[in-house]
Structure formats: C-alpha cells, structure tokens
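What follows is a predicted protein model with its sequence.
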Amino acid sequence: MYEILSWIVFGLVAGIVAKLLMPGKDPGGIIITIILGIAGSLLGGYLGKFLGIGGGWWMGFVMAVIGAIILLIIYRLIKRTAS
C-alpha cells in the first residue's frame, strides 16, 4: 500500500520533471501533465517491478519519470491525431 502511495507522490514530481524534459505546448496544461505524471509513475513502478529493477528511491524516481514521459508522448500523439 505504501509503495503505491510513494509512486503517486513520485508522480507529482515526475510529471513536472517530464514536462521540463519535454518542453512544448500541451493541450491539457500543467494539471494534465501532473495527472499523466501520477499515471506514469504507477506505470513505471509496475514496469520496474515486472522487470525486476530495484535500487531504492532513485531508481523508483527514474522509473516514474520514464513512465510519465511515455504517457506524455502518447498523449501528445493522440491529441495531435484528434485535432
């Protein structure tokens, strides 16, 4: 339970870091980016757990940022094709 809560907290920060690493205009703004960060953090956490990648706090944060970037890319692609 605490692991999922930590992924959510990582996600708040990971969404902001992902936005900084991928500058540009996003249709949803910072709120959508933070939500994508939380979802990406959960995705990255589960992916890291599935792949057996451990390493503590830093690796969890890296996986959260990677998950947030992946979801941000997918979100941009979907919004671009929908427009």
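Arrived safely, thanks for sending.

I'd say residue 34 and residue 13 touch.
No: Residue 34 is beyond contact range of residue 13, at 9.3 Å (criterion: CB atoms under 8 Å). For glycine as for every other residue, the C-beta is placed from the backbone atoms N, C-alpha and C.

could you point out where the chain is predicted with low confidence?
Residues of the chain that meet the criterion pLDDT under 70 lie in 1, 7, 26-28, 54-55, 83.

who has more neighbours, residue 34 and residue 13?
residue 34 (20 against 16; other CB atoms under 10 Å).

Going by secondary structure, the more buried one is in what exactly?
helix 29-51 (DSSP states H and E).

Output the contacting helices and strands for that helix.
helix 2-21, helix 57-82 (3 or more CB pairs under 8 Å, 6 or more residues apart in numbering; DSSP states H and E).

measure the most centrally placed residue in the chain to residue 15 for me?
Centroid-nearest residue in the chain: residue 68, 1.8 Å away (criterion: CA atoms, centre = their mean). Separation of residue 68 from residue 15 (CB to CB, to the nearest Å) stands at 5 Å.
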